[in-house]
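>>> Structure of the sequence below:
(2 chains)
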There are 2 protein chains.
Amino acid sequence: MALIVQKYGGTSMGSPDRIRNVAKRVARWKAQGHQLVVVVSAMSGETNRLIALAKDVSPQPDGRELDVMISTGEQVTIALLAMALMDLGLKAKSYTGSQVKVLTDSTFTKARILDIDGDNIRRDLDAGTVVIVAGFQGVDADGNITTLGRGGSDTSGVALAAALKADECQIYTDVDGVYTTDPRIVPEARKLDSITFEEMLEMASLGSKVLQIRSVEFAGKYKVKLRVLSSFEEEGKETMGTLITFEEDSKMEQAIISGIAFNRDEAKLTVLGVPDRPGIAYQILGAIAEANIDVDMIIQNVGHDGTTDFSFTVPRGEFDRAKKILDEQVSPHVGARAVEGDKHICKVSAVGVGMRSHPGVASKMFRVLAEEGINIQMISTSEIKISVVVDEKYLELAVRVLHKAFDLDQAAA
Amino acid sequence: MALIVQKYGGTSMGSPDRIRNVAKRVARWKAQGHQLVVVVSAMSGETNRLIALAKDVSPQPDGRELDVMISTGEQVTIALLAMALMDLGLKAKSYTGSQVKVLTDSTFTKARILDIDGDNIRRDLDAGTVVIVAGFQGVDADGNITTLGRGGSDTSGVALAAALKADECQIYTDVDGVYTTDPRIVPEARKLDSITFEEMLEMASLGSKVLQIRSVEFAGKYKVKLRVLSSFEEEGKETMGTLITFEEDSKMEQAIISGIAFNRDEAKLTVLGVPDRPGIAYQILGAIAEANIDVDMIIQNVGHDGTTDFSFTVPRGEFDRAKKILDEQVSPHVGARAVEGDKHICKVSAVGVGMRSHPGVASKMFRVLAEEGINIQMISTSEIKISVVVDEKYLELAVRVLHKAFDLDQAAA
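Residues are numbered from 1 along each chain as shown, chains lettered A, B, ... in the order given. Here you go, the predicted structure:
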């Protein structure tokens, strides 16, 4: 018998039929003798509907009051799932964030979980009851309702699993696991049985949006065993999805590369011929940060003749704004020679903890791309990933040849 | 400076525009220096939408879980009204029933209020904040969310007024007060400046559905000054609606009759020739009660020859079911001669505390109806009302002539 926390997203809770399907899935796990805590999101679209309603009344809704409102989305689905479970003959009980209680700070609309009181839930579990908890929400020390921000239900699930010392936290989504790359680009992409926590972080931030980064970080911090599964697999045909492991747990042989991630939503900016002196990076990026533009890759090469070139990437939609800031504020101020930009780029990354002990990965990656005539515009590396920026038109080709070169289409030994 | 509790129903909260209008009205009262607690219902239609959604998932939804769901309707409107008030520059803060807390028993979907903790609200009021409270909902001793049943928001308003010792509880509706009768039937009907609590109870239960009976009883028990007003009157044209008074407060001369109430939703059943012996009423009505059919008027005349006739009225929609029970179960069992019924009747009532000291009211009522050729089928009286059952076709005529005969079209002296 295990204690399992399951989390179902808005798509899984999107209609009465789907809710009944979730109930059946929960009932099957329960029938295997497990204790179950189920964390649910609002029905898909509901949170947006509520936010739109708030903005209809008030152009800039107060954060405390917005949280009072949007927390109702999950309050509806916990009750519906509890009803559906009872109809299957199970004991079930719903909890709002306040009822649990999920204690958070008072940062309305993006609160952080501070503590979870698991006493009531444990008592219900011991009595054989399936406990259903509203994701995305909590309560601050003064009893105000708070919400955790977009994707907060994943975090709720992981935090509950940590507080209850659950054996596993299962995140049900509309995909059946984490793949070596996007199967729409590489049909041979394989589902990974497991992936390390660090790889998952890199995969998530690089565009494989299966899990919210924050929940993965949370799982890493509290060593929660996390599993991604599909809530749309038919009965009898369910797979076990992808398990997210921690290095300590997985001493076995690792594949060198676990996956090829990519991101189309990138644009490149280069400030040419800036003085190569301390503080120049801050002078350039400070103005960009002030304009609330996220910066992804940052590259500064060694200078020569006292000047250097400074490049970075931003989301494509922010390109024009960022270019204007560089042209009008930064360039004249730092005495740059010119500002160049390119909206038609993409980022392709090879991710794998195995590369730590296999130094040839980067050179292999560069060779494979060179053989296809793909020019590399920028390179950035971390301990477990190598990212390159290439012309957008090469994205599919680059992903495909790298996926094959690193044998990702072969089942693990 | 007074402490005023205002309650706005679902129609008043029905759209962003209407919510902003309520906010403006609240702001005008606040500008007069009053302390304000505002109790709100869900947007009109929302509670029904949620119940329908629950029934889509589960044919007989669990009561606890249904309350978790339907309490979200008011949780949305409290937040919206708080936002709208802040946009007008006021300090405002919303409270769910749990947050107040409004302690109830655990009878889900129709809980009774046991106690209200007014401490937090008082602190906010003293700080100049407008406090907005979700009507219709509370929390039981175990922290479960409860709801008070249909019309529960009125009860919430009155109970809060009692707990906070408010100077007045104002119930805003889509009518501008209590009238001497329905103006659609008698154009000369006048709005009453005041009506006694007992009269209001009789008027409400007789079909003038301005206020929920339960909230009026509550107001009576705790001596809360209750006022019915319209939330649709334009700024500058507001009237003070109708005040519901308690006899102790109103020693002045009373009008003999305050209003003519009526109810079309009635059907009459008579069991003829039943043995005139103890227990016969129970034998007849016991079977009706077991079938959950509400009985209104009950009349048993003195018998002769050892038998009597027993008549009662039921809601028209229950007539067929009640008739079947009498025919098949009751009549053979008690040895009745026959069962008769009539669906085409209505009830007309004269209501007024003044009739206690004016014995001629009943005879005047009967004379007026007789002069119009209206046959009286049943008569029932209480201390402050006289009700007659007549053929449905005479309803408008009876109401009109009685309204005139008791001078209700004349302004009070």
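>>> Check the gap between residue A:84 and residue A:130 for me.
Note on residue A:84: its distance to residue A:130, by Cβ to Cβ, to the nearest Å, is 11 Å. In short, each C-beta sits where N, CA and C put it, glycine included.
>>> Check residue A:114 too.
Here the criterion is Cβ to Cβ. By it, residue A:114 lies 26 Å from residue A:130.
>>> When those two are compared, which one has more neighbours?
The neighbour count for residue A:114 versus residue A:130, taken as other Cβ atoms under 10 Å in any protein chain shown, is higher for residue A:130 (27 against 13).
>>> tell me the contacts of that one?
Listed by Cβ atoms under 8 Å, 6 or more residues apart in numbering or on different chains, the contact set of residue A:130 reads A:26, A:30, A:36-38, A:85, A:90-93.
>>> if you set the cut-off to 6 Å instead, what comes out?
For residue A:130, the contact set (Cβ atoms under 6 Å, 6 or more residues apart in numbering or on different chains) comprises A:36, A:85, A:90, A:92.
>>> looking at those, which has the most residues close by?
The most neighbours, when the contacts of residue A:130 are compared by other Cβ under 10 Å, belong to residue A:85, which has 30 neighbours.
>>> Wasn't it part of a helix?
Yes. Secondary structure of residue A:85 (DSSP: H, G, I helix; E, B strand; the rest coil): part of a helix.
>>> distance of it from chain B?
To chain B, residue A:85 is 9 Å away according to Cβ to the nearest Cβ, to the nearest Å.
>>> which residues does that residue contact?
Taking Cβ under 6 Å, 6+ apart as the definition, contacts of residue A:85 comprise A:23, A:92, A:130.
>>> and if we set it to 10 Å?
Residues in contact with residue A:85 (Cβ atoms under 10 Å, 6 or more residues apart in numbering or on different chains) are A:19-20, A:22-24, A:26-27, A:30, A:36, A:38, A:91-94, A:129-130, A:132, B:58, B:62, B:65.
>>> again with residue A:123
For residue A:123, the contacting residues are A:129, A:131, by Cβ under 10 Å, 6+ apart.
>>> Quick check: next helix or strand after the lowest-mean-pLDDT helix or strand in chain A?
Least confident helix or strand, chain A: helix A:197-205 with a mean of 79, by mean pLDDT, DSSP states H and E. Using DSSP states H and E, the helix or strand that directly follows helix A:197-205 along the chain is helix A:213-222.
>>> Any stretches of the stretch 251-400 of chain A with poor pLDDT?
For the stretch 251-400 of chain A, the stretches with pLDDT under 70 are A:251-254.
>>> what number of residues lie near the residue of it at minimum distance from chain B?
Shortest the stretch 251-400 of chain A-to-chain B distance, computed as Cβ to the nearest Cβ: residue-wise this is residue A:292, at 24.2 Å. Using other Cβ under 10 Å, residue A:292 is surrounded by 8 other residues.
>>> next one: residue A:390
Here the neighbour count serves as a burial measure; for residue A:390 (other Cβ under 10 Å) it reads 21.
>>> How about the one 3 residues further on?
The criterion is other Cβ under 10 Å. On that basis, residue A:393 has 12 neighbouring residues.
>>> Distance check, the residue lying closest to it once chain neighbours are set aside against residue A:299.
For residue A:393, the nearest residue in space outside its immediate sequence neighbours is residue A:344; the separation is 7.4 Å by Cβ to Cβ, 6 or more residues apart in numbering or on different chains. Computed with Cβ to Cβ, the distance linking residue A:344 and residue A:299 is 18 Å.
>>> Among the two, which residue is more densely surrounded?
The neighbour count for residue A:344 versus residue A:299, taken as other Cβ under 10 Å, is higher for residue A:299 (16 against 12).
>>> Now do the contacts for the more buried one.
Taking Cβ under 10 Å, 6+ apart as the contact definition, residue A:299 lies against A:268, A:270, A:309-313, A:377-380, A:389.
>>> Produce a PyMOL select command limited to the buried residues of these.
Buried residues within those, as defined by 16 or more other Cβ atoms under 10 Å in any protein chain shown, are selected in PyMOL through the command that follows:
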select buried, chain A and resi 268+270+309+310+311+312+313+377+378+380+389
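>>> Okay, and the beta partners of residue A:298?
residue A:312 (DSSP bridges).
>>> what's around it, how many residues?
The burial count for residue A:298: 14, using other Cβ under 10 Å.
>>> same check, this time on residue A:84
The burial count assigned to residue A:84 is 25, neighbours taken as other Cβ under 10 Å.
>>> what does residue A:127 give?
When neighbours are defined as other Cβ under 10 Å, residue A:127 has 9 of them.
>>> Please apply the same query to residue A:122.
Using other Cβ under 10 Å, residue A:122 is surrounded by 17 other residues.
>>> Relative to residue A:361, how far out is the most far-flung residue of chain A relative to its centre?
For chain A, the C-alpha lying farthest from the average C-alpha position belongs to residue A:305; by Cα atoms, centre = their mean, that distance is 42.7 Å. Separation of residue A:305 from residue A:361 (Cβ to Cβ): 34 Å.
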